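**Q** below are the sequence and a predicted model; questions follow.
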Amino acid sequence: MTNDTSHPDLYLLGGVSPALEATLVERFTLYREDPPATTRAIVGGGSSVVDAALLDRLPALEIIAIHGVGYDGIDLAATKARGIAVTTTPDVLTDDVADLAIGLMLAVQRRIVANDRSVRGGGWQVDLARRASGRRIGIFGLGRIGRAIAKRAAPFASELHYTARSAKPDFAGVFHADIASLAAACDVLIIAAPGGDATSHIVDAGVLAALGEDGILVNIARGSLVDEPALVAALMDGTIAGAGLDVFADEPAVPDALKVMDQVVLSPHQGSATVDGRAAMAALVIANLDAHFAGRDLLTPL
Ligand code: NAP
């Protein structure tokens, strides 16, 4: 166990890029497992779990720097009670995640991936796709990523609809107080709200039925927002037309039933996975840690 104050102990929870790990090694003593009680910092990903039991084992912990914007795995009541700072990397990944949402929407509607598979297999048969333009597009969660999706979706949309915790008077779209009403009003439902108790399984069988047989679901938020068995059933029986999914309930496990559906596009939680985005996220993680250990204000505190 070390407690070298020039290289504070840091618990690396989950994978980060080799470049970020190399920069962390210059500043910290890194632990990938069994962090010692002298651990002062954790670096984790958007899906990392830091619960009260882990915090109890780390009494010297001062900061959790998340490499991502999701923090539904962090026990915020416990970190607050212990005075532990939590930072994320907002904004720098927004455009990349929004781009992927639009990519998934188009890929599902125009059958891009299914047709690619067909051509690779020697086929040239064209099954008619859905027109992507002129659709009613609904966005669940109109924060940084939701607004960036809306900006990109506007040229494709005959109408824009949204749900958030509160209406946004500055946004030119139709507000729906609940997701069932949102789903009933749109052809494409894009999920861009945080995970956690308040949104768990909020996309359930009823919401999928409201979306309807021409409806497409796109989820770039968290798998926990969707009742995955209900989604599989809705896709199998034609309750909805298709889905583009970057996130899943039990990653990296993906239900086998989804893998054989041509009306589904699957994506390995790659919303922020661009060279540019990941470099900016890594720089923000380091900047937050540097600020904390130099006694300066954090750049992006929660
Ligand atoms: P954000 O700026 O905090 O926006 C969240 C939005 O969701 C806000 O509009 C908020 O409403 C709304 N919201 C929160 N709780 C809600 C609820 N219970 N019901 C309805 N709406 C609710 O977050 P962001 O930066 O846009 O990120 C959104 C999520 O995307 C993250 O939490 C993360 O899970 C996910 N994400 C995924 C990837 C990926 O790789 N696929 C990458 C980054 C992020 P108000 O505005 O009214 O408060």
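**A** Now that the structure is in, tell me what you want to look at. Numbering: from 1, shown residues only.

**Q** measure whatever residue of the stretch 51-200 of the chain ends up closest to the ligand to Val16 for me?
**A** Nearest residue of the stretch 51-200 of the chain to the ligand, counting by CB to the nearest ligand atom: Gly143, 1.7 Å away. C-beta here means a position set from N, CA and C on the backbone, and glycine is covered the same way. The spacing between Gly143 and Val16, counted by CB to CB, to the nearest Å, is 24 Å.

**Q** neighbour count: these two, which is higher?
**A** A direct count of neighbours by other CB atoms under 10 Å for Gly143 and Val16 places Val16 higher, at 20 against 17.

**Q** how about that one, secondary structure?
**A** The three-state label given to Val16 by DSSP: H, G, I helix; E, B strand; the rest coil is coil.

**Q** dihedrals phi and psi, the closest residue to it other than its chain neighbours?
**A** The shortest distance from Val16 to any residue other than its chain neighbours is 5.7 Å, reached at His67 (CB to CB, 6 or more residues apart in numbering). Dihedral angles phi and psi of His67 (degrees, to the nearest 10) take the values phi -90, psi 80.

**Q** what do you get for Ala291?
**A** The phi/psi pair for Ala291 (degrees, to the nearest 10) is phi -60, psi -50.

**Q** test for you: state the pLDDT assigned to it.
**A** pLDDT recorded at Ala291 is 98.

**Q** stretch 250-268: which residues count as buried?
**A** By neighbour count with 16 or more other CB atoms under 10 Å, stretch 250-268 contains the buried residues Val254, Pro255, Leu258, Met261, Gln263, Val264, Val265, Leu266, Ser267.

**Q** give the contact list for the nearest residue to the last one once chain neighbours are set aside.
**A** Leaving aside its chain neighbours, Ser267 sits nearest to Asp246 (4.2 Å; criterion: CB to CB, 6+ apart). Taking CB atoms under 8 Å, 6 or more residues apart in numbering as the contact definition, Asp246 lies against Leu100, Ala101, Leu104, Asn219, Ile220, Ser267, Pro268, His269, Gln270, Gly271.

**Q** what bridges to the fourth one?
**A** By that I understand Asn219. Note on Asn219: beta-bridge partners by DSSP bridges are Ile191, Leu245.

**Q** test my guess that it contacts Ile191.
**A** Yes - counting by CB atoms under 8 Å, Asn219 touches Ile191, with 4.4 Å between them.

**Q** determine the residues that are contacts of both of these two.
**A** Jointly contacting Asn219 and Ile191 under the rule CB under 8 Å, 6+ apart are Val203, Leu225, Val226.

**Q** what's the closest of these to the ligand?
**A** Leu225 (8.6 Å).

**Q** look up phi and psi at the closest residue in space to the closest one that isn't next to it in sequence.
**A** Nearest non-adjacent residue to Leu225, counting by CB to CB, 6+ apart: Thr199, 4.9 Å away. According to degrees, to the nearest 10, the main-chain angles of Thr199 amount to phi -120, psi 0.

**Q** give me the number of residues near Thr199?
**A** 20.

**Q** again, but for Ile149
**A** Counted with other CB under 10 Å, residues neighbouring Ile149 total 29.

**Q** my guess is it is in a helix, correct?
**A** Yes - checked against three-state DSSP, Ile149 lies within a helix.

**Q** so who does it touch?
**A** Per CB under 8 Å, 6+ apart, neighbours of Ile149: Ala98, Ala101, Ile102, Ile139, Ile190, Ala192.

**Q** most neighbours, which of those residues?
**A** Ile139 (30 neighbours).

**Q** my guess is Arg32 meets Gly15, correct?
**A** No - using CB under 8 Å, Arg32 makes no contact with Gly15, being 9.6 Å away.
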